[in-house]
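# Next come a sequence and a model predicted from it.
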Amino acid sequence: MEHDAPSLLFRLACEYLILAKVIRPGVVVLLERVATARAVAQTLTYHKVAPILEATPTLVAELDRLLVVDPDVGSTRLHWLGKAPTEPSPGAVKTELAKLRFLRRLDAHTMDLSLLPTKRRRFLAAVGRRSSNQALERREPQRRYPILLTLLAQSATDVPDEVVQLFDQAISARETRARHKTDQQLVERAKAGEDRQALLDAILPVLLDPAIPDEQVGGLLRAGVGMARLRAAFAQARSRLPRDHGQLGVLDASYAHLRQFTPDVLNAVAFAGGTGAQELLAAVAVLKELNASGARRVPDGTPTGFVPARYQGYLDAARQAGDATAYRHFWELCVLLGLRDGLRSGDVWVPGSRRYADPESYLFTGEQWRGKRGELVIPPLSAEDVPAEAAALKAELVERLPFASIASLLVELDHHTGFLDCFTHGGGKQSHSSARSSELKRNLLAVLIAGATNLGLVRMAKVCGISYDVLAWTQEWYLREETLRAANTVLVNYHHRLPLTSVFGGGTMSSSDGQRFPTKGKSLTARALSRYFADEGLSTYTHVSDQHSTYGTKVLVATHREAHYVLDEPLGNATDLPITEHATDTHGVTLVNFALFDLVGLQLSPRIRDLGKITLYRTGPPAEFARRYPKAGPLLTQRLNAELITACWDDLLRVAGSLKFGNATASLVVGKWSAAARQNTLAAALKEYGALRRTIHAARYLADPTYRRKIARQLTRARACTRCVATCTTPTRARSAEGTSSSRPSRHGA
C-alpha cells in the first residue's frame, strides 16, 4: 500500500526473501507476484475509500464533474483547483476563496482518508496532479475515484493556506509601498528644512552670546536676519510627525484596496490564538460583526491593547477630534497588520491549517514525549582540523584532475553509481526494454543539463535534436523534488566513499550560503529586489560539506530570512555524511538557531559580523565576574535568566525531540519562535538558551585562532560552490534575456 513502483516492489520482495532465508523463485514468477500485489493494492485502496463514496450519494457525480469543463471558471474544476495564483492581488484572493467555498460545499475538509497510508495518499495525489483530464477519464472507476478523493482532500488543506498566504502578501505589499512613499516624503521634508536649519544657525549665535543684553536680542534678530525671512520660515512650519513618521497615514490611502478582499478572508477563515493574542482576536471578532452588519462606527470599549505604540497616536487623535471614520480606518488597519504579524509568529493560528497551525501542534504531545524522551541522545562534538600539508596535497591533486565535459561526466557517473535510476515515473510506470531505458536516460541527461546550465528546454531541443515535447514530458513526469534528492544522495554517498575525498575533509562539517537568481514571468515565490534583479527573482540556499559535496538545496522567497532554513538540511541529512558541525555567515545567526543546534546534538559555528558588538551573558553578579575574569568579565554585560531555562528545560527537549523525530520542520519552528512575542514563555526560553550558546561560541571564537581558520575555510568552500553555479548559469542568462532561451513554466511557479 505504501509503494507502487514495480522495480521498488521487486527489490523489496527480494530483500524480504533474503532476510527470511527463502530461495528466490524465477524473475517472471516474482514479477507476476508484484503485479498481483499492485492490483490487490488498487482494489484495497478503493475498498477503503468506498464508505466515503457511499456516505454521500451525490459525491460520485461531483467527482465526475471535476473532469468536465465548467463555463463558470472556463476550464475543468480539477484544473482550476490545481492552478496556483501568480500574484497577491484582490482578484487572486477572491479566486482562492471561491475554491475554498467549492471544496467546503463538497465537504472535502471533512474527508477522513487516514485509513490510507500517507505515502499512498501522496502517490495518488501526485498521479492526479500530473495526469490530464482525458487520462483520468480513461482510468477505471476503482482507480479514478481514489485519485480524485485524495486530490480533493489535499486541496482542502492547501487552499486555506494559500488564502492566508495571499492575505499576508497583499497587506505586506501595500505596507511596503507606504513605507517607500514615507521615506520619499522624509527626504523631501529634510530638503525643505534646509532653509529653516540655516535660519537656526543664524539665530543661535545671537541667543548664545552673553555680551548681548536680553532686551536687544529681538531687535538684532529682526534687523540681522530680516522680517521677511522670519515670516517665510514661520509660514513653512510643519506639524510634528507621528512616531511612525506617517506610514500608517500613507497606508490609509490603500484602505479601499484592502477592503476588496479582507472582509471575505475574515469571514471565510477561522482564527485562534494563545493568551497574548486574545485582545487581537476579540478585535477581529468585532471587525467581522462590523463587516456583516455594515456598521461604520467602532463600538466604544473595543480592544486596542494590541495596537503598537507607534500607531496609538492615530487612534488618540481621531478619538479627540470625534472623527469616527478616521478612527475606523486606523483601527481596522491595525487589526489587519496585527493579524498578519500574529500569523507569522504563531501567536495566532488557523485551526486545521498545515502552514499556519498552532506551533504546539508541531511538537510531540506530553504523552508522546514521555515515551520518546529517553531516546534523545546528544553526542559530544569532535571537530577535525586539516593540516597545512594536507591542504597543499589537496591543491596538487586538484591540478591533476582531468577536464571533462558535463555530458561525459554525467554518463560516467551514471555508469559508476546508477543515479539516473532514481528518476522514477510519477505514475509508478517503469521501462522494461533496454532500448527504451537508454533513450530515457538520454532524455533525462538532456533535461538535467538544460536546467543546470539555465539553457532551457527550447534551446536544448535545438542543440541535442530531441523534440521539445519529449523533453517537457520527461521533465514533468521524472524530475520531482524527491527524485532529485534521491539522485543527489546517491552521488554524495559515492563521492564520500572515494579514497581521495577524505583528503578534503572528514564529512563532519558543512556550511550554507544563499544565491539569488532572476526569474521570468509571474510567480508567488519571486520577489522584486532592485539590488539584485532588474525585475524579480528568487533565492537558493545550498548546504555544502567539507568534502565539497552539495547535500542539500532549497528554493526560497528572496525576501525571506535565510537563517530560518539553516537547520533543515543538517537535521534531515539522508546521506552518509556524518555532519556534526555547521558554519554560516551572519545571515544564519539567530538565538533560536544557537539553541536548537545544541539541543539536537549539533554545533552552530558562524562567522558573525561585528562580533564585538553583540551582547554577552553572564550567570552571576557583575562584580563577581569582574573579579574572576578581570579582562573578559566587564564584557559580559547581561544577566542570563537561568531560572527560565531550568523551568522550561523539558519543553526545550520536547522541541528538540519533535525536530529529531520529524514531527515538524526546523524552518517552521525557527521562523515561528524567532518572531514570537516575549510573552511566549517557550520562545523566551529558547532565545535565552540561544544567548548562552552564542556567548560560549563568541568566547571560543575569540580565543582559538584554529577554530576561526576552520570556520573561514569551510565558508570558502560554500562560496566556491556558488561561484561554480554562477559560472554555469551566467553565460546563458544574457541569451534568456534576449528571448532566445525559453523553458516550460513550472507548475509550482518557481
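Nice, I can see it.
# For stretch 661-672, C-alpha coordinates in PDB please.
Provided in PDB are the C-alpha atoms of stretch 661-672 (Å, rounded to 0.1, in the frame of the first residue of the first chain):
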ATOM      1  CA  PHE A 661      11.900  12.600  15.000                       C
ATOM      2  CA  GLY A 662      10.500  14.700  12.100                       C
ATOM      3  CA  ASN A 663       7.300  15.900  13.800                       C
ATOM      4  CA  ALA A 664       8.000  19.400  12.500                       C
ATOM      5  CA  THR A 665      10.500  21.000  10.100                       C
ATOM      6  CA  ALA A 666      13.200  23.100  11.600                       C
ATOM      7  CA  SER A 667      12.500  26.100   9.300                       C
ATOM      8  CA  LEU A 668       8.900  26.200  10.500                       C
ATOM      9  CA  VAL A 669       9.800  26.100  14.200                       C
ATOM     10  CA  VAL A 670      12.700  28.600  13.800                       C
ATOM     11  CA  GLY A 671      10.500  31.100  11.900                       C
ATOM     12  CA  LYS A 672       7.600  30.900  14.400                       C
END
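# How far off centre is that stretch?
Relative to its parent chain, stretch 661-672 has a centroid offset of 11 Å by CA atoms, centre = their mean, to the nearest Å.
# Average pLDDT for it, rounded please.
Mean pLDDT, stretch 661-672: 81.
# likewise stretch 110-123?
Stretch 110-123 comes out at a mean pLDDT of 79.
# Buried residues, it. List them.
Under the neighbour-count criterion of 16 or more other CB atoms under 10 Å, stretch 110-123 has 111, 113, 116, 120-121, 123 buried. (Glycine included, C-beta is placed from N, CA and C.)
# Next, give phi and psi for Pro578.
With angles defined as degrees, to the nearest 10, Pro578 sits at phi -90, psi 60.
# neighbours of it, just the number please.
For Pro578, the neighbour count with other CB atoms under 10 Å is 13.
# From Glu215, how far out is it?
Per CB to CB, to the nearest Å, Pro578 is found 86 Å from Glu215.
# my read: Ala558 touches Leu538, true?
Yes. Under the criterion of CB atoms under 8 Å, Ala558 lies in contact with Leu538, with a separation of 5.3 Å.
# Mutual contacts of the two, please.
The contact sets of Ala558 and Leu538 overlap at 516, 526-527 (CB atoms under 8 Å, 6 or more residues apart in numbering).
# are any of these buried, and which?
526-527.
# Can you lay out the shared contacts of Ala558 and Leu538 as TSV showing pLDDT, secondary structure and distance to Arg130?
Converted to TSV, the shared contacts of Ala558 and Leu538 look like this (pLDDT from 0 to 100; DSSP: H, G, I helix; E, B strand; the rest coil; distance: CB to CB, whole Å):
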residue	pLDDT	secondary structure	distance to Arg130
Arg516	87	strand	29
Ala526	82	coil	23
Arg527	82	strand	28
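# Please, where are all the strands along this structure?
With DSSP state E as the criterion, the chain has strands at 69-70, 75-76, 272-273, 348-349, 509-519, 536-545, 550-556, 581-583, 603-604, 617-618, 638-639.
# Run me through the strand neighbours of the fifth one, direction for each.
Strands adjacent to strand 509-519 in the sheet, as given by DSSP bridges, are strand 536-545 (antiparallel), strand 581-583 (parallel).
# what's the most buried one of those strands?
Highest mean neighbour count of the strands paired with strand 509-519: strand 581-583, a mean of 24 (counted as mean count of other CB atoms under 10 Å).
# Quick one: residues contacting the nearest residue to Asp347 once chain neighbours are set aside.
Here the nearest residue to Asp347 in space, its sequence neighbours aside, is Ala277; by CB to CB, 6 or more residues apart in numbering that works out to 4.5 Å. Contact analysis of Ala277 by CB under 8 Å, 6+ apart lists 306, 342, 347-348.
# Please narrow these to those residing in helices.
Gly342 (DSSP state H).
# which of the contacts of Ala277 lies closest to Ala392?
Asp347 (54.5 Å; CB to CB).
# circling back: export the strands paired with strand 509-519 to a markdown table and tack on distance to Lys660?
Putting the strands paired with strand 509-519 into a markdown table (distance: least, CB to CB, whole Å) gives the following:
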| stretch | distance to Lys660 |
| --- | --- |
| strand 536-545 | 18 |
| strand 581-583 | 15 |
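# Of the ones you listed, which shows the lowest average pLDDT?
Across the strands paired with strand 509-519, strand 536-545 has the smallest mean pLDDT, namely a mean of 90.
# quick one: that one to strand 550-556, angle?
160 degrees (axes from the mean of the first three to the mean of the last three CA atoms, to 10 degrees).
# how close does Leu715 get to Lys520?
Between Leu715 and Lys520 the distance is 31 Å, computed by CB to CB.
# Out of these two, name the residue with the larger neighbour count.
Between Leu715 and Lys520, Leu715 has the larger neighbour count (other CB under 10 Å), namely 20 against 17.
# for the more buried one, what are its contacts?
Contacts for Leu715 (CB under 8 Å, 6+ apart) come out as 511, 513, 583-585, 607.
# Ala703: which of the residues you listed is nearest?
Arg607 (15.2 Å).
# So the closest one versus Thr706, what's the distance?
To Thr706, Arg607 is 14 Å away according to CB to CB.
# Which of the two has more residues huddled nearby?
The residue with more neighbours, out of Arg607 and Thr706, is Arg607; 18 against 9, by other CB under 10 Å.
# Surely the more buried one touches Gly588?
No. Assessed by CB under 8 Å, Arg607 is found out of contact with Gly588, at 9.5 Å.
# anything in contact with each of the two?
Contact with both Arg607 and Gly588 is made by no residue, according to CB under 8 Å, 6+ apart.
# one step back: export the shared contacts of Ala558 and Leu538 to CSV and append columns for distance to Leu208.
Compiled in CSV, the shared contacts of Ala558 and Leu538 are given as follows (distance: CB to CB, whole Å):
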residue, distance to Leu208
Arg516, 53
Ala526, 57
Arg527, 52
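# returning to what we had before: show me the one of the strands of the chain that comes nearest Ala13.
Ala13 lies closest to strand 550-556 among these, at 30.4 Å (CB to CB).
# how far is that closest one from where the chain is centred?
Distance of strand 550-556 from its chain centroid, counting by CA atoms, centre = their mean, is 12 Å.
# And stretch 300-310, what's buried?
302-304, 306-307.
# with those in mind, which one is nearest to Leu66?
Phe306 (42.0 Å).
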